[in-house]
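Colleague: I'd like to go over a predicted model; first the sequence, then the structure.
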Amino acid sequence: MSKVRIYTLAKDLGVENARMLEILDGLGVAYKSVSSTIEEDTVELIKQILEEEGAAQAAPEAAQAADAQGPQAQGSAPQGPAAQAVAQAQPAAAQAVAEPEAATAEQASSEPAAREIPHRAPVVTIMGHVDHGKTSLLDYIRKTRVAAKEAGGITQHVGAFEAKTSKGRIVFIDTPGHEAFTTIRARGANVADIAIIVIAADDSLMPQTREAIAHAQAAKVPMIVAINKVDLPQADPERVKTDLTQLNLVPEEYGGDLIVVPVSAKTGEGVEDLLEYISLTAELEDLRADPKGEFSGVVIEGKVDKQAGVLATVMVQEGTLRVGDFLVVGESYGKIKAMTDSAGARIKDAGPSTPVQVLGFSAVPASGEKVQSAKNEHAAREVIATRADVRRDEENARDRRRNPRTLEDIMGPVGEVRTVNLILRADTQGSVEAIQGILARKEGEDVKINVMLAGIGAPTEGDVLLASTAEATILCFSVTAPGSVTKIADSKGIEIKAFRIIYELIDEVDRLIKGNVEPVFEERYLGRAEVRMVIKHPKSGNIAGSYITDGMFKRNARAKVTRGKQVVYEGTVVGLKRFKDDVREVQTGYECGINLDWNDVVEGDIIEASEMVEVEQA
Ligand SMILES: Nc1nc2c(ncn2[C@@H]2O[C@H](COP(=O)(O)OP(=O)(O)OP(=O)(O)O)[C@@H](O)[C@H]2O)c(=O)[nH]1
């Protein structure tokens, strides 16, 4: 008995993949994805179900009278194999119910709220080890899928291009390697929907392949593996598949859910299949964006052109970008003077999943910067003003974290299982495995150890970017980071720690785990003060002129004010003054001005100061 792939059957029967999966779910048939195969019996069942659906839609009474095969019920659908009958009966069925449905559809479309958000093209990035064929694969797709340029036209490299396939548009980010991808992610933007991991069939998994996989996993972007160079006599695609399973990536034909497509960027073999799998994955991801929504985009790359000035490629993610729009990037703005699509043609507007080259930025934006549009200069300035406010708030929050007042300031939301993200670099595969083995035993109920990437050799710039997007620590065993990498790590606040003795590295992991276990804080009494007079201050409000009767007071301490027996206020000591000077601490027996973030203090109040201290855990 032959097996059929789900998507092939969907295509043959003219139904959506999603509908096909619904039917399979209903039948309780297990599958991994639309490229899984199903038994012929199941195929027959599906055909029957669709046939019944079609008949029921065409005319309910016809379904009941189906056995009779009366000319009325049969309509003009030709006799033939069940699949054909279903496929051909469907338009007739649609017609039969067309009138009332069309009326409601029209009503619905007149209400913008009911408008369904349309699908958008997938944005794909190609990653993999050096020389495994990323550029060749992109070139092959570009050559065969991008409409030839008009004579005299200059194809510009803009960092992305659009390929036309039988299934629709696919947008490729053509800055190969994961650098572009991670730089974009490091800025908090996600531009790729699908990652193609290219692995040469004669070389199998290499360090950068593992890195690329780690990046795609960190970004939670679906992966498709393209085993390239299958035209070579020494190609061994089976070895690649087996090696992948060692990373817990199990190809579909081995019962897993990883799509693996053998290709040759040289002969073009398999490229069509690869494009088809991209479209299928996109369909399952159900990628949508509203061209009528508010515009947002991401800078893919920017440069200065000697003649044109600043040029930047922007990927439209939501809404539509139009010539004349004002664009806001960071805290600066510009007006779009001209736009070209990735084939170099002048365009006036661009919808979702369209890479466009924009002329009009005042400064070169960095890849990964988010772009917003504004209808006029005034609106652009407003966006910038809001951003400046947000930035200031964030800076204040950061200050608070450095100078914590509350438990949440110190630890963020409480009660979560914490994850220690690590990137491991060692001199040999043996060391990597030994360390991973020990780490696996360190996991506890409240701490998860996530080794995002374990590789041989010194840490790379890519590792630092990955670490910065995932707040990971880079641990090195018997390898050291080159100066250039350390510098980038410093600038991004990423720690690279190098060890020569495995147990020292493990001790460090213990420290990291401890740091990640929720610390226990307790309130510790500091001192007591009596308010002797209230001083009105033009800037700071009312200051409590006090005498410290016990212990000491510290700036930023917690404060509790009692009046008689009643607690009238709880807050923070925001300032301490001795005469005119701001001071950090005041000891018992001294007078001082205590500034609370509260204005209603009165003479005779008692202020008690305390602080939160971390309790050492066993
Ligand atoms: N036989 C064969 N050779 C290929 C194939 N794909 C790429 N190559 C060759 O492999 C070499 C490397 O290909 P590239 O496309 O430059 O590889 P890359 O991954 O982009 O390399 P980097 O940009 O350096 O990271 C070139 O000599 C290509 O001609 C293929 O499918 N078959």
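Modeller: Yep, that arrived.

Colleague: the longest strand in this structure is where?
Modeller: Identified as the longest strand of the chain according to DSSP state E is strand 520-537.

Colleague: just the buried residues of the helix or strand following that one, please?
Modeller: The C-terminal neighbour of strand 520-537 among helices and strands, as given by DSSP states H and E, is strand 541-554. For strand 541-554, the neighbour count (16 or more other C-beta atoms under 10 Å) marks 541-546, 548, 551-554 as buried. C-beta coordinates here come from the backbone N, C-alpha and C atoms, glycine included.

Colleague: how about the helices in the stretch 251-400 of the chain?
Modeller: Taking DSSP state H, counting those that start in this stretch to define them, one finds helices in the stretch 251-400 of the chain at 271-285, 377-402.

Colleague: which one of the ones you listed has the lowest average pLDDT?
Modeller: Mean pLDDT is lowest for helix 377-402 out of those, coming in at a mean of 75.

Colleague: related to what we said a few turns ago, got the angle for the longest strand of the chain vs strand 541-554?
Modeller: Between strand 520-537 and strand 541-554, the angle comes out at 140 degrees (axes from the mean of the first three to the mean of the last three C-alpha atoms, to 10 degrees).

Colleague: contacts for strand 520-537?
Modeller: Contact with strand 520-537 is made by 407, 410, 542-554, 557-558, 588, 591-595, 601-615, 617, as judged by C-beta atoms under 8 Å, 6 or more residues apart in numbering.

Colleague: at 6 Å what do you get?
Modeller: Outside strand 520-537, the residues within contact range by C-beta atoms under 6 Å, 6 or more residues apart in numbering are 407, 542-553, 557, 601, 603, 605, 607-615.

Colleague: next: stretch 247-263.
Modeller: Residues contacting stretch 247-263 (C-beta under 6 Å, 6+ apart): 32-33, 224-228, 230, 237, 241, 270-271, 273-274, 277.

Colleague: and the ligand, which of those reach it?
Modeller: By C-beta under 6 Å from any ligand atom, the members of the contacts of stretch 247-263 lying near the ligand are N228.

Colleague: tell me the one among the contacts of stretch 247-263 nearest to D41.
Modeller: Closest approach between the contacts of stretch 247-263 and D41, by C-beta to C-beta: K32, at 19.0 Å.

Colleague: what is the burial count for the closest one?
Modeller: 15 (other C-beta atoms under 10 Å).

Colleague: and the one 5 residues further on, by the same measure?
Modeller: T37 is flanked by 16 other residues according to other C-beta under 10 Å.

Colleague: for stretch 229-239, the distance to its chain's centre please.
Modeller: 33 Å (C-alpha atoms, centre = their mean, to the nearest Å).

Colleague: who's in contact with it?
Modeller: Applying C-beta under 6 Å, 6+ apart, the contact partners of stretch 229-239 are 200-202, 204, 227, 262, 264, 266-267.

Colleague: top of the residues you listed by number of neighbours, please.
Modeller: Counting neighbours by other C-beta under 10 Å, I227 leads the contacts of stretch 229-239 with 27 neighbours.

Colleague: ok, that one - contacts?
Modeller: With the criterion set at C-beta under 6 Å, 6+ apart, I227 makes contact with 199, 201, 237, 240, 262.

Colleague: among these, name the ones in strands.
Modeller: Here DSSP E is the test, and these give 199, 262 as lying in strands.

Colleague: just give me the closest of the contacts of I227 to I23.
Modeller: Nearest to I23 among the contacts of I227, with distances taken as C-beta to C-beta, is P262, at 30.0 Å.

Colleague: so that closest one versus the ligand, what's the distance?
Modeller: Using C-beta to the nearest ligand atom, to the nearest Å, P262 is found at 10 Å from the ligand.

Colleague: ok, what's across the strand from that residue?
Modeller: Beta-bridge partners recorded for P262 (DSSP bridges): I227.

Colleague: distance of it from I224?
Modeller: Distance, P262 to I224, by C-beta to C-beta, to the nearest Å: 12 Å.

Colleague: can you check I535 too?
Modeller: For I535, the distance to I224 (C-beta to C-beta) stands at 70 Å.

Colleague: these two - which one has more neighbours?
Modeller: Just comparing I535 and I224: by other C-beta under 10 Å the higher neighbour count belongs to I224, 21 against 13.

Colleague: am I right that the more buried one is in contact with I197?
Modeller: No: taking contacts as C-beta atoms under 6 Å, I224 lies outside contact range of I197: 7.3 Å.

Colleague: one step back: quick one: which of the buried residues of strand 541-554 is nearest T419?
Modeller: Comparing the buried residues of strand 541-554 against T419 with C-beta to C-beta places K554 closest, at 34.1 Å.

Colleague: please determine how far the closest one is located from I173.
Modeller: K554 is 53 Å from I173, by C-beta to C-beta.

Colleague: then E608?
Modeller: For E608 relative to I173 (C-beta to C-beta), the value is 60 Å.

Colleague: ok, the two, which is more surrounded?
Modeller: Neighbour totals were compared for E608 and I173, and I173 leads with 25 against 20 (other C-beta under 10 Å).

Colleague: what residues are up against that one?
Modeller: 125, 160.

Colleague: do the same with L321
Modeller: 295, 350.

Colleague: any figure for the gap between it and F295?
Modeller: 6 Å.

Colleague: what's stretch 457-473 in contact with?
Modeller: 178, 182, 185-186, 211, 215, 218, 421-423, 425, 452, 474, 479, 481, 485, 488-489, 492, 494-496.

Colleague: narrow these to those that are buried.
Modeller: 178, 182, 185-186, 211, 215, 218, 421-423, 425, 452, 474, 479, 481, 485, 488-489, 494, 496.

Colleague: ok, back up a step: of all the contacts of stretch 229-239, which two lie farthest apart?
Modeller: Largest pairwise distance in the contacts of stretch 229-239, by C-beta to C-beta, is 20.2 Å, between S204 and T267.

Colleague: R584 and the ligand, how far apart?
Modeller: 55 Å.

Colleague: residues contacting that residue?
Modeller: Each residue near R584 by C-beta under 6 Å, 6+ apart is listed here: R555.

Colleague: got it, and the one 3 residues further on?
Modeller: Counting by C-beta under 6 Å, 6+ apart, Q587 touches M552.

Colleague: who does the helix or strand where E614 lies pair with, and is each partner parallel or antiparallel?
Modeller: Using DSSP H and E, E614 maps to strand 606-615. Applying DSSP bridges, strand 606-615 is found paired with strand 520-537 (antiparallel), strand 558-563 (antiparallel).

Colleague: determine which stretch of the ones you listed is the most buried.
Modeller: The highest mean neighbour count among the strands paired with strand 606-615, using mean count of other C-beta atoms under 10 Å, belongs to strand 558-563: a mean of 18.

Colleague: tell me how far that one is from the chain's mean position?
Modeller: Distance, centroid of strand 558-563 to centroid of chain: 46 Å (C-alpha atoms, centre = their mean).

Colleague: okay, and the beta partners of G309?
Modeller: With DSSP bridges as the rule, G309 is bridged to D305.
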